[in-house]
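Asker: Provided below are the primary sequence and the corresponding predicted coordinates.
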Protein chains: 4
Amino acid sequence: MLKRFSISLDEKLSDQFDNYIRPRGYSNRSEAVRDLIRKVLINEQWEQDSEVVGVVTLVYNHHQPQLQEKITELQHEYHQQITSTTHVHMAHHHCLEVTIVKGRASQVKELAERLIALRGVKDGNLTMSSTGDHLH
Amino acid sequence: MLKRFSISLDEKLSDQFDNYIRPRGYSNRSEAVRDLIRKVLINEQWEQDSEVVGVVTLVYNHHQPQLQEKITELQHEYHQQITSTTHVHMAHHHCLEVTIVKGRASQVKELAERLIALRGVKDGNLTMSSTGDHLH
Amino acid sequence: MLKRFSISLDEKLSDQFDNYIRPRGYSNRSEAVRDLIRKVLINEQWEQDSEVVGVVTLVYNHHQPQLQEKITELQHEYHQQITSTTHVHMAHHHCLEVTIVKGRASQVKELAERLIALRGVKDGNLTMSSTGDHLH
Amino acid sequence: MLKRFSISLDEKLSDQFDNYIRPRGYSNRSEAVRDLIRKVLINEQWEQDSEVVGVVTLVYNHHQPQLQEKITELQHEYHQQITSTTHVHMAHHHCLEVTIVKGRASQVKELAERLIALRGVKDGNLTMSSTGDHLH
């Protein structure tokens, strides 16, 4: 069910916001405000150790001995949380691997930290997102 | 001049937002949404190298030879941008110094980076804020 | 070619760092320091609009009319930059889509912003990573 | 007591790091690496709800009725944690106020959130720093 409420803004603030959202392609202010609201709610989910979705992005050198085995081992340890893995051959020496993980925030962080710490992983990031289930 | 516009939210999203803003003490949703909007606009001011206000926070060991002199020297180099400096004796060995800087974003960043890089500075941070002039 | 240099740390700082890296599984301090160094270098690549790799993560409601078409259209507009897309059916109503994009930082950001702004996209994030090519 | 350990870096990574630290004015790599290490340790202190130092920066419109009273009231409620407050008249209508707070991370965050939520506060930020006591 939709609910409407009204926001009062100084006219200049409203103009500035319009200038901000226009080049981004937002169809209207309502959608842009919803995005801002959802973002703070997702931060809360992570802080409160709720069920979340995280995306772990690793850039690694595939020549690094045993690295691929160690990644696979770790992924198996958390197989109940891992939804999918995408592997891309980025350049001569480097692969990019994206792993989608669903679980409690603390578990997802733990797996991300362990993957990122592996020798040969040149860059690692955890994107903190949501299952969408409680995001309206 | 005030402008009003209405936001439509799924009822559940609206409830979640209320749960988020209540413990923070927001008097109403309108004020909370304005804060979210101003935050993205301030980010833009910094990305576009506009006139901004930055707050540089340094924690340093005051026993470090020549450190205080070097901080003062750097601050003089940027004296036209520096509004004020507050110094606090935090613990036996450590001081905290807060410098308020007003200028173009790139200048403020440059000063912050140079202060933070000084030997003996244990922690340094730049808070990216605004003069408030164009923040309605 | 490997280069060695030595770091001097207060013994207590060194102990604290060991306590930090141990639960993360780092095999040694050298690897942990390299990770910290690479992270600031990648930030620089993005700030200097170099050739980078970004990962765009979208959570969206697949019942949203025309959303999937709009995502596909945008992806085609940037097809020379897009390396791969992974789609996951996250829950009854929500999909998660991960798009790997390689290009100049400003282009990658632009695509990310336009995807995230689409109506029906509940959460969107851009992970700023690297091709690995200049990351040693 | 000082401890030395050696880091091995690919020569190119080492050159890139030198290019990164030079314009920032770091006197040597050792100091730059210590800064990176301390930063992750301070993040840990905040995550583990240790004794920390926070700096709350508020930009507000001093014409806003009762705002100054509310700020003062809140500051008194946390007076045992507040070390100092600096007030600057930034522009015709706006003040910048910097409050240095020492306490458990959760308390410092709570005060910051309540100050930032006040009506008339146009921008608010919390800088997460340290007493320096356990930062070597």
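Answerer: Received, thanks.
Asker: show me how chain A divides into domains.
Answerer: Chain A breaks down by automatic domain parsing into domains covering A:11-47, A:51-129.
Asker: figure out which of those domains is closest to D:Thr57.
Answerer: Among those, the nearest to D:Thr57 by C-beta to C-beta is domain A:11-47 (19.2 Å). Bear in mind the C-beta positions are built from the backbone N, C-alpha and C, glycine included.
Asker: is chain D contacted by that closest one?
Answerer: No: judged by C-beta under 8 Å from any C-beta of the partner chain, domain A:11-47 and chain D are separated, with a smallest distance of 9.4 Å.
Asker: any part of that domain near chain C?
Answerer: Yes: against chain C, domain A:11-47 shows contacts by C-beta under 8 Å from any C-beta at A:21, A:23-27, A:31-32, A:35, A:38-39, A:42.
Asker: how about stretch A:90-100?
Answerer: Yes: judged by C-beta under 8 Å from any C-beta, stretch A:90-100 and chain C are in contact via A:90-91, A:93-96, A:98, A:100.
Asker: for chain A, give me the ranges with low pLDDT.
Answerer: A:136 (pLDDT under 70).
Asker: can I assume A:Glu58 sits in a helix?
Answerer: To be clear, residue A:58 is Leu; Glu isn't right here. No: looking at A:Leu58 with DSSP: H, G, I helix; E, B strand; the rest coil, it is strand, so not inside a helix.
Asker: from chain B, how far out is it?
Answerer: Separation of A:Leu58 from chain B (C-beta to the nearest C-beta, to the nearest Å): 28 Å.
Asker: what do you get for A:Gln68?
Answerer: Counting by C-beta to the nearest C-beta, the gap from A:Gln68 to chain B is 38 Å.
Asker: just give the number of residues close to that residue.
Answerer: Applying other C-beta atoms under 10 Å in any protein chain shown, we find 15 residues neighbouring A:Gln68.
Asker: doesn't A:Leu74 make contact with it?
Answerer: No: in this structure A:Gln68 lies outside contact range of A:Leu74 using C-beta atoms under 8 Å: 11.1 Å.
Asker: out of the residues of stretch A:90-100 next to chain C, which end up buried?
Answerer: A:90-91, A:94-96, A:98, A:100 (16 or more other C-beta atoms under 10 Å in any protein chain shown).
Asker: and which of these is nearest chain D?
Answerer: A:His94 (13.4 Å; C-beta to the nearest C-beta).
Asker: contact partners for that closest one?
Answerer: A:59-62, A:122, C:131-133, C:135 (C-beta atoms under 8 Å, 6 or more residues apart in numbering or on different chains).
Asker: may I have the phi/psi pair for the closest residue to it other than its chain neighbours?
Answerer: Leaving aside its chain neighbours, A:His94 sits nearest to C:Gly132 (3.0 Å; criterion: C-beta to C-beta, 6 or more residues apart in numbering or on different chains). Torsion angles at C:Gly132 (phi, psi; degrees, to the nearest 10) stand at phi 90, psi -20.
Asker: residues in contact with C:Gly132?
Answerer: A:59-61, A:90-91, A:93-96, A:122-123, C:53.
Asker: swap in 10 Å and give it another go.
Answerer: A:58-62, A:90-96, A:121-123, C:38, C:53 (C-beta atoms under 10 Å, 6 or more residues apart in numbering or on different chains).
Asker: ok, A:Ser106 next?
Answerer: A:46, A:49, A:52.
Asker: determine which two of the residues of stretch A:90-100 next to chain C are furthest apart.
Answerer: Pairwise distances across the residues of stretch A:90-100 next to chain C peak at 24.8 Å for A:His93 and A:Ile100 (criterion: C-beta to C-beta).
Asker: the longest helix seen in chain A vs helix B:29-47, what angle?
Answerer: If you go by DSSP state H, chain A has its longest helix at helix A:29-47. Inter-element angle recorded for helix A:29-47 and helix B:29-47: 90 degrees (by axes from the mean of the first three to the mean of the last three C-alpha atoms, to 10 degrees).
Asker: how far away from the center of its chain is helix A:29-47?
Answerer: Per C-alpha atoms, centre = their mean, to the nearest Å, the displacement of helix A:29-47 from the mean C-alpha position of its chain is 14 Å.
Asker: equivalent analysis for stretch A:53-68, please.
Answerer: 17 Å.
Asker: look at that stretch and report the distance between its end residues.
Answerer: 23 Å (C-alpha to C-alpha, to the nearest Å).
Asker: please apply the same query to stretch A:18-28.
Answerer: 9 Å.
Asker: kindly report the same for stretch A:18-34.
Answerer: Terminal-residue distance, stretch A:18-34 (C-alpha to C-alpha): 15 Å.
Asker: cool, stretch A:15-34 as well?
Answerer: Stretch A:15-34 end-to-end distance (C-alpha to C-alpha) = 18 Å.
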